[in-house]
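>>> Starting from these lines, generate the structure:
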Amino acid sequence: MADQQPKQYYSSFSSLADAGTKVAIVYSDKYNIRLLGLEKLHPFDSCKYANVAAHLDRSGEIQLSNMIEPCRMPTEEELLMVHTREYLDSLQNSTELARITQVWLAAWIPMYILRPYILNPLLYATSGTVLAGYLAVQRGAAVNLGGGFHHCSGASGGGFCAYADITLSLQLLRRNFPSRVRRAMIIDLDVHQGNGHENAKRRLNDNDLYIVDVYNPSLYPCDYVAAQEINVAMYLGTRMNDASYLAEVQFALDHAFATFQPDVIYYNAGTDIMAGDPLGQMYVTPKGIIQRDEIVFQRAVDQKIPIVMVLSGGYQSSTAAVIGDSILNLKRKFNLFNAIL
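As a prediction, the model looks like this:
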């Protein structure tokens, strides 16, 4: 099967006729969840994406107007590539959506209200990861200022993750660029286990997917069945500082890249490892997060492997500036995300 025309594949998700002058940063204000303040009942900052975008825009180096916006949500046909029909049907139930988002009052709200304010933002963020996958293959690196829904397997969701964005992005890359993308590596550095893509790997029997997961096994979701699908698992303790944490990450990556050579990397860059996070229980500083992201990108750049970064978890309002500063550091350090004129 020959690769699809890149422009045709790209334009189906992008509102731009020609994205050549845009940077490889994907964002839409449609990612942000705003529902009468109910979103504040969950510790996740549902407007984190807007805050990261605004921080980058204020820097003057990556302007909001130069980011790429997904123009549509994934189609049902596309979603069924990685999700079961039963699971997609279950998302039309307020009680199920309340369970996934852990906003229990949502169980009493009709779906015609919840759909545009909760499901649609998650779907647009999923399209953002699809777009970022394309951009990474074309340009070498891309960031979606959202996504990283690593607790959704395609057959079940949880932890504010309703759609398997990384799994869908990878499957679409494989379908559209079969000569360029087969073997993939997920580097999951959110403090929580990425049980979603691990369960998806088992369910889809994906032997060409290699998973690195550096997480605290005592925290949610404690999915021991999913953990069997991890190729390199590093267990974190609580209150780890920069030095000990970065040593764990380096060790995991050393082993992974000595064992497996991917065609594309998906990097789940959770910031819930940062000191003060109410769920992470770690002592990593903003400087440590910036160093971590640089370590991961250094591997990709050195080996010329396309890399897709998604934001995943992080439950402090201060993380938006840290994420923005890290993206700016990656841009300066590796000359990434620049427009192609």
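
>>> Assign a three-state SS to residue 210, would you?
Put simply, residue 210 is strand when judged by DSSP: H, G, I helix; E, B strand; the rest coil.

>>> Check residue 192 too.
coil.

>>> Let me see the contact set for it.
By C-beta atoms under 8 Å, 6 or more residues apart in numbering, the contact set of residue 192 is 150, 151, 159, 215, 216, 219, 220, 221, 270, 272, 279, 313. For glycine as for every other residue, the C-beta is placed from the backbone atoms N, C-alpha and C.

>>> What ranges does the protein have for its strands?
25-26, 141-144, 184-188, 209-215, 232-235, 264-268, 307-310 (DSSP state E).

>>> pLDDT weak spots in the stretch 51-200 of the chain?
For the stretch 51-200 of the chain, no stretch is flagged by pLDDT under 70.

>>> hmm, try it at 80
104 (pLDDT under 80).

>>> Please identify the buried residues of stretch 80-95?
81, 82, 83, 87, 90, 91, 94 (16 or more other C-beta atoms under 10 Å).

>>> Can you lay out the strands of the chain as CSV showing distance to residue 167 and mean neighbour count?
Output for these, formatted as CSV (distance: least, C-beta to C-beta, whole Å; neighbours: other C-beta atoms under 10 Å):
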stretch, distance to residue 167, mean neighbour count
strand 25-26, 17, 28
strand 141-144, 14, 30
strand 184-188, 9, 27
strand 209-215, 9, 25
strand 232-235, 19, 17
strand 264-268, 9, 26
strand 307-310, 12, 29
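
>>> For the ones you listed, give me JSON lines that also has distance to residue 334.
As requested, the strands of the chain are arranged in JSON lines below (distance: least, C-beta to C-beta, whole Å):
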{"stretch": "strand 25-26", "distance to residue 334": "14"}
{"stretch": "strand 141-144", "distance to residue 334": "7"}
{"stretch": "strand 184-188", "distance to residue 334": "16"}
{"stretch": "strand 209-215", "distance to residue 334": "20"}
{"stretch": "strand 232-235", "distance to residue 334": "24"}
{"stretch": "strand 264-268", "distance to residue 334": "13"}
{"stretch": "strand 307-310", "distance to residue 334": "10"}
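
>>> center of the chain - which residue?
Nearest to the geometric centre of the chain sits residue 148, at 2.3 Å (C-alpha atoms, centre = their mean).

>>> May I ask you to confirm that that residue is in contact with residue 310?
Yes. Counting by C-beta atoms under 8 Å, residue 148 touches residue 310, with 3.7 Å between them.

>>> Which neighbours do these two have in common?
Any residue near both residue 148 and residue 310 by C-beta under 8 Å, 6+ apart counts here, and that gives 129, 165, 166, 268, 269.

>>> Pick out whichever of those sits closest to residue 103.
residue 165 (19.8 Å; C-beta to C-beta).

>>> what are the ranges of the helices in the protein?
6-11, 48-59, 76-79, 85-90, 94-101, 111-114, 120-139, 165-176, 195-204, 224-227, 242-259, 286-303, 319-334 (DSSP state H).

>>> then the third one to CSV, C-alphas only?
Presented in CSV, the C-alpha positions along helix 76-79 are these (Å, rounded to 0.1, in the frame of the first residue of the first chain):
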residue,chain,number,x,y,z
GLU,A,76,-17.1,7.6,14.0
GLU,A,77,-15.3,5.5,11.5
GLU,A,78,-11.9,6.7,12.7
LEU,A,79,-12.9,6.2,16.4
